[in-house]
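[1] Turn this into a structure:
(2 chains)
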Amino acid sequence: MSGRFRSVALAVAWRNLHNYFTSPSLVLPGLFFPLLFFTAFAGGLSSISRVPGFDYPSGYTAFQYVFVLLQSAAFGGVFTGFSIARDFESGFARRLLLAAPRRTALIAGYGLAALGRWAFTASVTTVVALSAGMDVGGSGVDLFGLFLLALLLNVAAMLWAAGIAMRFRTIQAGPVMQVPVFISLFLAPVYVPLPLLQGWIHAVATFNPMTYLLTGGRGLLAGDPVYVGLAFGLAAAMAAGFSVWAVRGLRSAERAG
Amino acid sequence: MSSALATQIGQLARRSVLRTFRQPASIVPALVFPLMLLAVNTAGLRSATRLPGFPADSYLDFALGFAFMQGALFTTSNAGTDLARDIETGFLNRLSLTPLRGASLLTGHLAGAVSMGLIQSLVYLGVGLAVGVRLESGPLGAVVLIVLAVLIAIGFGALGAALALRTGTGEAIQASFPLFFALLFLSSMNMPRNLMDIGWFRTVATYNPVSYLIEGLRSLIIVGWDVQALALGFGIAAAIAALGLAASAVALRRRLARA
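    Numbering: from 1, shown residues only, chains lettered A, B, ... in the order given. As a prediction, the model looks like this:
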């Protein structure tokens, strides 16, 4: 990485993180929804673990924690896409395009910001989950794997949202960034493991990549790894595919001037 | 009611209804998202019906009431945002120069929420019946279900109006959305309270009025005529409506005095 690339990326990341952490209206929703989902699902639905066939060894709190961790990673990336769109609406991103010697560094900078934002949310969520008595069966290596998986998802979601933001260049494209991510997350085995799903949702979840990220992550947390290679392969493929999508979005923004 | 008051309410109600239905961006999410979440939750939580003591054989029957409640949440947001826009654009200030009465403004404004609540209820009920929901309370139960859903929409619409009149900005209304969302998720929307294993969550759901609104709606679908659930549902919906209207009236008086 050249010095000029690094300085642009770090400057964009610092500005975005500064704006984020000094604006309660940005920080609170980012924290609120993962914590709400965790509370509502782990608290309100814990009796689901008594359904015959539910065999997750670490219990329902841990089962839902992995969903919330991945959901916060994905939405941390999407919300950074909102920031990019807002920068285009205000004209700031156009000035960035003029000033940056290496424009792909802008994407890298927003990516670093997405990671910083998600790291904060993930830390709070993890502390809350541990305080709620979450049982962790995995070793340190397993947990590192879980967080690495979530990090890859965060990067992939940020690149997806960046591609949309740079093509539409308006915050009104927010639903386009958000809805597909929301749908893909909720069409995975959110409440029960895949074998307990029935009907159309089982068929959809079987072909949904998010299912394997979720199942892989849950396996790592429980210390009983399953689908780990597939989960990392899918997450890396999504990140690679969406990086092309984001760079093409950047080119589209450059052409628009 | 005097004819002048009726005319004022009629004109504002017409404007409110037309404005509601001219905004597809408000209507479509209010209709689609509750149904989408209903479909996903029903499919994902179908196995919950295998828990001993679960009150329904079909999770869809159990969960349909939640769609009505989520629709009411959108009503809060839409009603509040529309009124906040009237404040931001100066329309309310111009109205304050006319002999318009506060009661007309609030009643007329809530007509949009009522019409939206009615349409939502008919759509949710129609979709539910089309995919196999059977109302234990029969055809009369369907009517009562819609009346309760509209009353809930009025209550939450009035709360949205009160917030709009107090704050005067659409952003504040949007910022309040998570609060109402939390009330929904910390209720008995997904699981009967007696089957909640976590004690503190059961306590929160028991003190959360939204639980009783959902249980009132749900009782007509899965139980039949449960007088206690209906009394609590109608009572709490009426109390929310009264509270929302009183808060709106106070906030409107203050705002008009400032104007």
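[2] tell me the contacts of the spatially most central residue of chain B?
    Central residue of chain B (C-alpha atoms, centre = their mean): B:A72, 2.2 Å from the mean position. For B:A72, the contact set (C-beta atoms under 8 Å, 6 or more residues apart in numbering or on different chains) comprises B:117, B:149, B:152-153, B:155-156, B:213. In short, each C-beta sits where N, CA and C put it, glycine included.
[3] Distance check, the residue of the stretch 51-200 of chain B found nearest chain A against B:L37.
    For the stretch 51-200 of chain B, the residue closest to chain A is B:F185, as judged by C-beta to the nearest C-beta, at 3.8 Å. As judged by C-beta to C-beta, to the nearest Å, B:F185 and B:L37 stand 11 Å apart.
[4] follow-up on the earlier one: pretty sure the residue of the stretch 51-200 of chain B closest to chain A is in contact with A:A42, am I right?
    No: at 11.6 Å, B:F185 does not count as touching A:A42 under the criterion of C-beta atoms under 8 Å.
[5] neighbours around the residue of the stretch 51-200 of chain B closest to chain A, how many?
    20 (other C-beta atoms under 10 Å in any protein chain shown).
[6] try A:F54
    Applying other C-beta under 10 Å, we find 17 residues neighbouring A:F54.
[7] Near A:A222, how many other residues are there?
    Counted with other C-beta under 10 Å, A:A222 comes out at 21.
[8] pretty sure it contacts A:Y56?
    Yes: between A:A222 and A:Y56 a contact is recorded at 6.5 Å, counting by C-beta under 8 Å.
[9] any common contacting residues for those two?
    What both A:A222 and A:Y56 touch, as defined by C-beta under 8 Å, 6+ apart, is the set A:A62.
[10] Roughly how far does the residue of the stretch 51-200 of chain B closest to chain A sit from A:Y110?
    B:F185 is 30 Å from A:Y110, by C-beta to C-beta.
[11] for A:L17, same thing?
    For A:L17 relative to A:Y110 (C-beta to C-beta), the value is 10 Å.
[12] These two - which one has more neighbours?
    Between A:L17 and A:Y110, A:Y110 has the larger neighbour count (other C-beta under 10 Å), namely 28 against 18.
[13] Pull up the gap between the more buried one and B:L92, please.
    40 Å.
[14] What residues does chain A have near chain B?
    By C-beta under 8 Å from any C-beta of the partner chain, the part of chain A that sits against chain B consists of A:25, A:28-29, A:32-33, A:36-37, A:39-40, A:42-48, A:50-54, A:183, A:186-187, A:189-192, A:196-201.
[15] 6 Å instead?
    Listed as neighbours of chain B in chain A under the rule C-beta under 6 Å from any C-beta of the partner chain: A:32, A:36, A:40, A:43-48, A:51, A:186, A:190-192, A:196, A:198, A:201.
[16] tally of neighbours for A:G81?
    By other C-beta under 10 Å, the residues close to A:G81 number 29.
[17] Just the element for it, please.
    Assessed by DSSP states H and E, A:G81 sits inside helix A:60-90.
[18] Repeat that for B:G233.
    For B:G233, the host element (DSSP H and E) is helix B:227-258.
[19] In that helix, which residues are buried?
    For helix B:227-258, burial by neighbour count (16 or more other C-beta atoms under 10 Å in any protein chain shown) applies to B:229-230, B:232-234, B:236-237, B:240-241, B:244-245, B:247-249, B:251-252, B:255-256.
[20] Over to stretch B:2-9?
    In stretch B:2-9, counting by 16+ other C-beta under 10 Å, buried: B:8-9.
[21] Output it as CSV, nothing but the C-alphas.
    Provided in CSV are the C-alpha atoms of stretch B:2-9 (Å, rounded to 0.1, in the frame of the first residue of the first chain):
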residue,chain,number,x,y,z
SER,B,2,-72.4,22.4,14.4
SER,B,3,-72.4,22.5,10.6
ALA,B,4,-69.3,24.8,10.7
LEU,B,5,-67.4,22.2,12.8
ALA,B,6,-68.5,19.4,10.5
THR,B,7,-67.4,21.3,7.4
GLN,B,8,-64.0,22.0,9.0
ILE,B,9,-63.5,18.4,10.0
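[22] Let's test this: mean pLDDT of it, rounded?
    The pLDDT scores in stretch B:2-9 average 78.
[23] Not counting it itself, show me its contacts.
    Around stretch B:2-9, the neighbours that count as contacts under C-beta atoms under 6 Å, 6 or more residues apart in numbering or on different chains are B:100, B:104, B:107-108.
[24] run the last query once more with 10 Å
    B:1, B:10, B:95, B:98-101, B:103-111 (C-beta atoms under 10 Å, 6 or more residues apart in numbering or on different chains).
[25] Pretty sure the residue of the stretch 51-200 of chain B closest to chain A sits against B:V210.
    Yes: here B:F185 reaches B:V210: they are 9.2 Å apart, a contact under C-beta atoms under 10 Å.
[26] How about B:I87, nearest residue that isn't a chain neighbour?
    B:G168 (4.5 Å; C-beta to C-beta, 6 or more residues apart in numbering or on different chains).
[27] B:A161 versus the one you found, what's the distance?
    In terms of C-beta to C-beta, B:G168 sits 12 Å off from B:A161.
[28] Same check on B:Y59?
    35 Å.
[29] who's more crowded, the two?
    Taking other C-beta under 10 Å, B:Y59 and B:A161 do not tie; B:A161 has more neighbours (29 against 20).
[30] which SS class is that one?
    The assignment at B:A161 comes out as helix when based on DSSP: H, G, I helix; E, B strand; the rest coil.
[31] any idea where the helices of chain A begin and end?
    A:3-21, A:24-38, A:44, A:60-90, A:92-99, A:104-131, A:140-168, A:174-186, A:200-207, A:209-222, A:228-256 (DSSP state H).
[32] neighbours around B:L97, how many?
    With other C-beta under 10 Å as criterion, B:L97 counts 8.
[33] Now the phi/psi pair for it, please.
    Phi and psi for B:L97, reported as degrees, to the nearest 10, are phi -80, psi -10.
[34] Could you list which residues are in contact with B:W200?
    For B:W200, the contacting residues are A:39, A:43, A:132, by C-beta under 10 Å, 6+ apart.
[35] residues in contact with residue 34?
    No chain specified, so I'll use chain A. Neighbouring residues of A:P34 by C-beta under 10 Å, 6+ apart: A:65, A:67-73, A:75-76, A:118, A:121-122, A:124-125, A:128.
[36] please go with chain B instead
    With C-beta under 10 Å, 6+ apart, B:P34 has these contacts: B:64, B:66-74, B:120, B:123-124, B:127.
[37] Now, those that are in strands?
    The strands, defined by DSSP state E, take in nothing from the contacts of B:P34.
[38] Understood, closing this out.
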